[in-house]
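Colleague: have a look at this fold, sequence not included:
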């Protein structure tokens with residue numbers, strides 16, 4: 001059976017949607033990190049943090065769905 005890390009690397013190079021989602025997820029992570037380092041957050045910034053967390057989770061869920069499908073496909077492929 002194919003190793004998960006190797007499959008992720010393959011998806012990054014071969015699957016445009018996965019690669020785009022990964023970049024989007026990293027962007028949300030960076031924005032979230034920047035906002036949470038502030039000593040004081042405005043109401044808009046607090047709202048933005050919640051919005052980023054939701055979007056980040058949606059992206060992560062889609063990435064996991066792509067990975068699960070790739071794992072299923074890899075396990076069905078002849079050796």
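Modeller: The structure has been received and is ready for your questions. Values in this document were obtained by computation on a predicted structure and should not be read as measured data. Residues are numbered from 1 along each chain as shown.
Colleague: counting by contacts, list what the longest helix along the chain packs against.
Modeller: Of all the elements of type helix in the chain, the one with the most residues (DSSP state H) is helix 43-76. The criterion is 3 or more CB pairs under 8 Å, 6 or more residues apart in numbering; DSSP states H and E, and the helices and strands that helix 43-76 contacts are helix 4-14, helix 16-36. To be clear about C-beta, it is placed using only N, CA and C from the backbone, and glycine gets the same treatment.
Colleague: those helices: which one's closest to residue 70?
Modeller: Residue 70 lies closest, by CB to CB, to one member of the helices and strands packed on helix 43-76: helix 4-14, at 5.6 Å.
Colleague: tell me who's in contact with the most centrally placed residue in the chain.
Modeller: With the centre of the chain defined as its mean C-alpha position, the nearest residue by CA atoms, centre = their mean is residue 60, 3.8 Å away. Counting by CB atoms under 8 Å, 6 or more residues apart in numbering, residue 60 touches residue 25.
Colleague: tell me the pLDDT of residue 72.
Modeller: Looking at residue 72, its pLDDT reads 90.
Colleague: how close does it get to residue 15?
Modeller: 14 Å (CB to CB, to the nearest Å).
Colleague: who's more crowded, these two?
Modeller: Between residue 72 and residue 15, counted using other CB atoms under 10 Å, the more crowded position is residue 15 (16 against 10).
Colleague: ok so, going back, which one of the helices and strands packed on helix 43-76 has the most crowded surroundings?
Modeller: helix 16-36 (a mean of 14; mean count of other CB atoms under 10 Å).
Colleague: contacts for that helix?
Modeller: Applying CB under 8 Å, 6+ apart, the contact partners of helix 16-36 are 11-13, 41, 45, 48-49, 52-53, 55-56, 59-60, 62-63, 66-67.
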